[in-house]
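Build me a model:
(chains A and B)
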There are 2 protein chains.
Amino acid sequence: MPNNDSSKPALLGVDYALAKIIAMLSHTGTTVLPLVEALGYTLGKDLVAGLTLPPQAVSAMDGYAVRGKDVSILPCQLTRIAESAAGHPWAGKITAGEAVRVFTGAAMPDGADTIVVQEDVDPVAEQDNVEITVRSAEPAGRYIRPAGLDVTKGQVILSAGTLLSARAIGLACAAGLTEAEVSTRPKIGILSTGDELVHPGNILLPGQIISSNASFLKSFVTACQAEAVDLGIARDVPGAMISAIQNAKNLDLVVTTGGASVGVHDHVVSDLDNGADSGLSFWKIAMRPGKPLICGSVDGIPLIGLPGNPVSTAVCALVFLRPAIAHMARGTQTTPTFMVPLGVDLGTNDHRQDYIRSNLQDSSNGQTILPASRQDSSMMSVLAGANALIVRPPYDPAKRAGDLVKVLHIPILL
Amino acid sequence: MPNNDSSKPALLGVDYALAKIIAMLSHTGTTVLPLVEALGYTLGKDLVAGLTLPPQAVSAMDGYAVRGKDVSILPCQLTRIAESAAGHPWAGKITAGEAVRVFTGAAMPDGADTIVVQEDVDPVAEQDNVEITVRSAEPAGRYIRPAGLDVTKGQVILSAGTLLSARAIGLACAAGLTEAEVSTRPKIGILSTGDELVHPGNILLPGQIISSNASFLKSFVTACQAEAVDLGIARDVPGAMISAIQNAKNLDLVVTTGGASVGVHDHVVSDLDNGADSGLSFWKIAMRPGKPLICGSVDGIPLIGLPGNPVSTAVCALVFLRPAIAHMARGTQTTPTFMVPLGVDLGTNDHRQDYIRSNLQDSSNGQTILPASRQDSSMMSVLAGANALIVRPPYDPAKRAGDLVKVLHIPILL
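Predicted coordinates:
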């Protein structure tokens, strides 16, 4: 049911609308994948370490393992009795007057509690059973990594909802794991609407344009680690959108573009409101671009209706679709914003949250943010050339060059 | 040839080392891909628009297209003679006293230069051949998108070196393109070194550890849009590394991990320096973690030798390998840094550029950056839990909580 009289709805805040969208979405199922194929998937379950890291105390330096009590008066002489290298531990135990040659990552010998770095030693030779002269020693424990410094067997190393980055996969492999239970990729139906749209590769008749939003959304959804399902183009007749969705199978979410305004040829809102098995949750958000955003459902499948202007589509995809996909996969990651000095003055903002296409420019102390000179919501060239959005809250007062503004850095693939 | 006496080399600056690495790399070839499969690839050649966007002037609002001279005195009455909708242009020409109903994205009729938005009109009915009363009109040209506002046919819309993001693909499709000439993915050989290493899935004997850096690097290289080639594990014997590389085919770059220190079991530097067909360009960088970074070549294949500590491997991969891969694919993108207020005090930095594992935390005005409490370069759990690095230049003076520091936000997949 609409929250508002849909003939003249109030504009909803961005945060409120996002929370409503998230609330209507379910988590996908889970599946077990080899870690080496799991890049970008989100953990469906906590990952528990199978090993302790390091498995035993190891040296963090090239040098000699000794007993601290043997090097309390310096310089002193010790006998090198053995060597412990990474992969070649020495199984004995150090006793008084003895030293074991150690290398980075090598197991610390039993009985040794102190490292002498090799720069502080004059060995007679690089071999066992020779005298070494120790000129300086580290405090006990320094440059020794105790067993379990990094990870303890049985510990949760990565919790459900974590996106598997390269470094997370490295950690999981090091902890003895080879696979992970991950959320399956949400299946996102993409449906363009509009009589003016023609599939890429076709010749245009007067008044026609290429259905580029569908290509954008397919790539966007793929970059967000979800599966895009092409539902084609629904023409501007009542019910066409509903039919296209009802013909699709097993979708977790439908995203439409276009048909979201108040014109008599825009049917998305009325279709949702009038359909027997569909519903309109809300539409019209206090944002620019992207005011005519729609939220609803068809046959129980949640639906986000994006505006048809390409820049509105893209900004709404960043602000709503990306977190929606992350949530369906149990993701907890957010897109951080940064406070960055403005390169120019900006006037007062109105009642809509503004997402200004901009570029981060290197400056002597970090970055400056420069809005693009044209902000028309049809200009894809401006968006494609931008690497950031200035996010201005409603009624933000005028800003001067040098003032800090909130900046969302657009992820490189989106 | 080494730039320095390799028995006691000076430490090189990070920027100098990166420039040297970039200088030894070649561009890959190019191939033509359908745009819908080109996400993440880098353009090998400029993309030129096949269409003008919009192809003709269009209305940016729902309303009426009129002649400005007919609405100079308001209110006034006009006759609605036709309709122009997106995909359904009207081919006639407006004359005195006439109005054409228009919807967002519709072609502007010939003769019309002014938009009246629908909220400012009282129509007798929503049909042609009725009188409409115009209460207010926009200035001529307002809410009209002229032909070519976004793109002109023949114009370069995306230049060689641009990474194909979702929004770039949307632009290219809209401009009538279906494919693009992109750089082929660089083939990156990944070679671990060390007697202590065991492939994932095996039981560990005393002193052994899992070869997790290889899993990390495979995922990292994949996330950087390059192709990872597994060269296995080279054991700690002279020449093993060279042999493993010489057995591989068609590599654009080799990345090794481990064996980069000064220990007698570390052979990467001496192998490069001593091999008949290999060379050592430099090693040892003034950075922490990552000091023992190596740059060289084997049989003409450029080689980056990363340190073996997992955190050093990962930080060097971010700082050197990611830009190296981008450069091979002609990429011009950079990872921006931001100035972010510190959440804690930091002491003076020494002579090495420091990359401190940290977390961006939401605060009332943007973000605060908090260093992880442990910074040991073996602690993968700390790195996997971090989402940013504080970058501290050599000899950076002490900082207080609230001071701004340079922050590199780690891309979500890396």
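
quick one: the helices in the stretch 301-414 of chain A?
All helices of the stretch 301-414 of chain A, identified by DSSP state H, counting those that start in this stretch, fall at A:310-316, A:322-328, A:380-385.

Please apply the same query to chain A.
Assigned by DSSP state H, chain A shows helices spanning A:14-23, A:166-174, A:212-223, A:240-246, A:268-274, A:310-316, A:322-328, A:380-385.

ok, the first one near chain B or not?
Pointing back at helix A:14-23 there. No: counting by CB under 8 Å from any CB of the partner chain, chain B has no neighbours in helix A:14-23; the shortest distance is 13.0 Å. (C-beta placed from N, C-alpha, C; glycine too.)

Remind me what that helix packs against, helices and strands.
strand A:278-283, strand A:294-298, helix A:322-328 (3 or more CB pairs under 8 Å, 6 or more residues apart in numbering or on different chains; DSSP states H and E).

Just tell me which of the helices of chain A ends up closest to residue A:252.
Smallest distance to residue A:252 across the helices of chain A (CB to CB): 5.8 Å, for helix A:322-328.

got the buried residues for that closest one?
Across helix A:322-328, burial judged by 16 or more other CB atoms under 10 Å in any protein chain shown covers A:322, A:323, A:324, A:325, A:326, A:327, A:328.

Could the C-alpha coordinates of it be exported in PDB?
C-alpha atoms of helix A:322-328 as PDB (Å, rounded to 0.1, in the frame of the first residue of the first chain):
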ATOM      1  CA  ARG A 322      24.500  -1.400  -4.400                       C
ATOM      2  CA  PRO A 323      23.600  -1.600  -0.700                       C
ATOM      3  CA  ALA A 324      20.500  -3.600  -1.600                       C
ATOM      4  CA  ILE A 325      22.600  -6.300  -3.400                       C
ATOM      5  CA  ALA A 326      25.100  -6.300  -0.600                       C
ATOM      6  CA  HIS A 327      22.300  -6.800   2.000                       C
ATOM      7  CA  MET A 328      20.800  -9.700   0.000                       C
END
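
gap between stretch A:234-243 and the chain center?
Between the centre of stretch A:234-243 and the centre of its chain there are 35 Å (CA atoms, centre = their mean, to the nearest Å).

Name the residues of it that come out as buried.
Buried-residue list, stretch A:234-243, by 16+ other CB under 10 Å: A:234, A:235, A:236, A:240, A:241, A:242.

What of stretch A:378-396?
Here stretch A:378-396 shows A:378-392, A:394, A:396 as buried, counting by 16+ other CB under 10 Å.

from these, which are also near chain B?
Near chain B, by the rule CB under 8 Å from any CB, you find A:378, A:379, A:380, A:381, A:382, A:383, A:384, A:387 out of those.

ok, and the closest non-adjacent residue to the third one?
In space, residue A:380 comes closest to residue B:171 once its chain neighbours are excluded; the distance is 4.2 Å by CB to CB, 6 or more residues apart in numbering or on different chains.

pLDDT score assigned to the one you found?
Looking at residue B:171, its pLDDT stands at 98.

could the buried residues of stretch A:234-243 go into CSV alongside pLDDT and distance to chain B?
Output for these, formatted as CSV (pLDDT from 0 to 100; distance: CB to the nearest CB, whole Å):
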residue, pLDDT, distance to chain B
A:234, 95, 12
A:235, 94, 9
A:236, 91, 7
A:240, 93, 13
A:241, 93, 15
A:242, 94, 20
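
Please parse chain A into its domains.
A:14-29+A:185-328, A:32-51+A:150-183, A:58-145, A:337-409 (automatic domain parsing).

Give me the pLDDT for residue A:273.
88.

Next: the one 5 residues further on.
On the pLDDT scale, residue A:278 is placed at 89.

so who does it touch?
With contacts defined as CB atoms under 8 Å, 6 or more residues apart in numbering or on different chains, residue A:278 is in contact with A:242, A:271, A:272, A:296, A:297, A:298, A:299, A:303.

Could you dump those into JSON lines and include distance to residue B:167?
Shown next, in JSON lines, are the contacts of residue A:278 (distance: CB to CB, whole Å):
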{"residue": "A:242", "distance to residue B:167": "29"}
{"residue": "A:271", "distance to residue B:167": "28"}
{"residue": "A:272", "distance to residue B:167": "27"}
{"residue": "A:296", "distance to residue B:167": "26"}
{"residue": "A:297", "distance to residue B:167": "28"}
{"residue": "A:298", "distance to residue B:167": "27"}
{"residue": "A:299", "distance to residue B:167": "31"}
{"residue": "A:303", "distance to residue B:167": "23"}
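
burial measure for the nearest residue to residue A:112 once chain neighbours are set aside, as a count.
What sits nearest to residue A:112 in space, not counting adjacent residues and going by CB to CB, 6+ apart, is residue A:65, at 3.7 Å. Neighbourhood size, residue A:65 [other CB atoms under 10 Å in any protein chain shown]: 28.

what bridges to residue A:65?
Under DSSP bridges, the beta-bridge partners of residue A:65 are residue A:100, residue A:115.

residues contacting it?
A:59, A:84, A:94, A:99, A:100, A:102, A:108, A:109, A:112, A:114, A:115.

right, and residue A:85 touches residue A:100 too?
No: judged on CB atoms under 8 Å, residue A:85 makes no contact with residue A:100 at a distance of 10.4 Å.

ok so, going back, export the helices of the stretch 301-414 of chain A to CSV and append columns for mean pLDDT.
Formatted as CSV, these follow (pLDDT from 0 to 100):
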stretch, mean pLDDT
helix A:310-316, 96
helix A:322-328, 98
helix A:380-385, 97
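
Which one, of these, ends up nearest to residue B:290?
Among the helices of the stretch 301-414 of chain A, if distance is taken as CB to CB, the winner is helix A:322-328, at 31.3 Å.

Give me the local confidence score for residue A:2.
According to the model, residue A:2 scores 37 on pLDDT.

ugh, wrong one, I meant residue A:115
97.

Also residue A:283?
Taking residue A:283 on its own, its pLDDT is 83.

in the sheet, who's paired with the closest residue to it other than its chain neighbours?
Nearest residue to residue A:283 in three dimensions, chain neighbours excluded: residue A:294, at 4.2 Å (CB to CB, 6+ apart). Assessed by DSSP bridges, residue A:294 has beta-bridge partners residue A:283, residue A:305.

Please work out how many residues are found near residue A:294.
Neighbours around residue A:294, by other CB under 10 Å: 21.
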